[in-house]
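>>> heads up, no residue letters with this:
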């Protein structure tokens, strides 16, 4: 199920150039299935938990295009990736605030969302961090990055979850 859901984003990810970052990679989905489907693209699995990183390094050993990075989204370089992915990371507005600053203008954040996710709320968050209106596609929110991340973002670790923008 996780592999199938992950691969549902392949065509969307192909619309954008550049490296891919799976934020809060956990068990490796959607990052590892996408790395297998898109071997020409660099994929970074970003995970804060050290034990999960050890697992990811082992699971991704056979993929030359995968790098595992231990850290938080708020601590990473901004405006760097073509696509940032988030599945079961946080509520969609918080996931957008964490992912979109990682994406360079012209790229997008792709959020795996449930049926009750509110695209309007995520669009409001997106506008605050350099993004545009959400495009809704088959359980995914595609959030385009239109301009460089404004100063003040990302906010300090933990602030987005405690005080969401929307």
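Everything's here; your move. All figures in this text were calculated on a predicted structure; none of them were measured in a lab.
>>> is the residue lying closest to residue 145 once chain neighbours are set aside in a bridge, and if so with what?
Distances taken as Cβ to Cβ, 6 or more residues apart in numbering put residue 103 closest to residue 145, at 4.2 Å, once the chain neighbours are dropped. C-betas here are computed from N, CA, C, even on glycine. Judged by DSSP bridges, the bridge partners of residue 103 are residue 81.
>>> what's around residue 103, how many residues?
Neighbour count for residue 103, taken as other Cβ atoms under 10 Å: 28.
>>> same check, this time on residue 140
20.
>>> quick one, what contacts it?
Neighbouring residues of residue 140 by Cβ atoms under 8 Å, 6 or more residues apart in numbering: 8-9, 12, 110-113.
>>> looking at the residues you listed, spot the one nearest residue 44.
Nearest to residue 44 among these is residue 110, at 14.3 Å by Cβ to Cβ.
>>> helix/strand/coil for the closest one?
Classification of residue 110 using DSSP: H, G, I helix; E, B strand; the rest coil returns strand.
>>> quick one: it and residue 15, what's the gap?
In this view, residue 110 and residue 15 are 10 Å apart by Cβ to Cβ, to the nearest Å.
>>> which one's more surrounded, these two?
residue 110 (28 against 13).
>>> what residues are up against that one?
The contact partners of residue 110, by Cβ under 8 Å, 6+ apart, come to 9, 12-13, 83-86, 140-143.
>>> tell me the spacing between the closest residue in space to it that isn't next to it in sequence and residue 157.
Spatial nearest neighbour of residue 110, excluding adjacent residues (Cβ to Cβ, 6+ apart): residue 85 at 5.1 Å. Using Cβ to Cβ, residue 85 is found at 20 Å from residue 157.
>>> same deal with residue 51?
Distance, residue 51 to residue 157, by Cβ to Cβ: 19 Å.
>>> sorry, back to before: these two touch, right, the residue nearest to residue 145 and residue 76?
No: using Cβ atoms under 8 Å as the test, residue 103 is too far from residue 76 to be in contact (11.0 Å).
>>> and the nearest residue to residue 14 once chain neighbours are set aside, how many neighbours?
Nearest residue to residue 14, sequence neighbours excluded (Cβ to Cβ, 6+ apart): residue 38, at 7.3 Å. Other residues lying near residue 38 total 15 when counted by other Cβ under 10 Å.
>>> how far away is residue 38 from residue 125?
Relative to residue 125, residue 38 is positioned 27 Å away (Cβ to Cβ).
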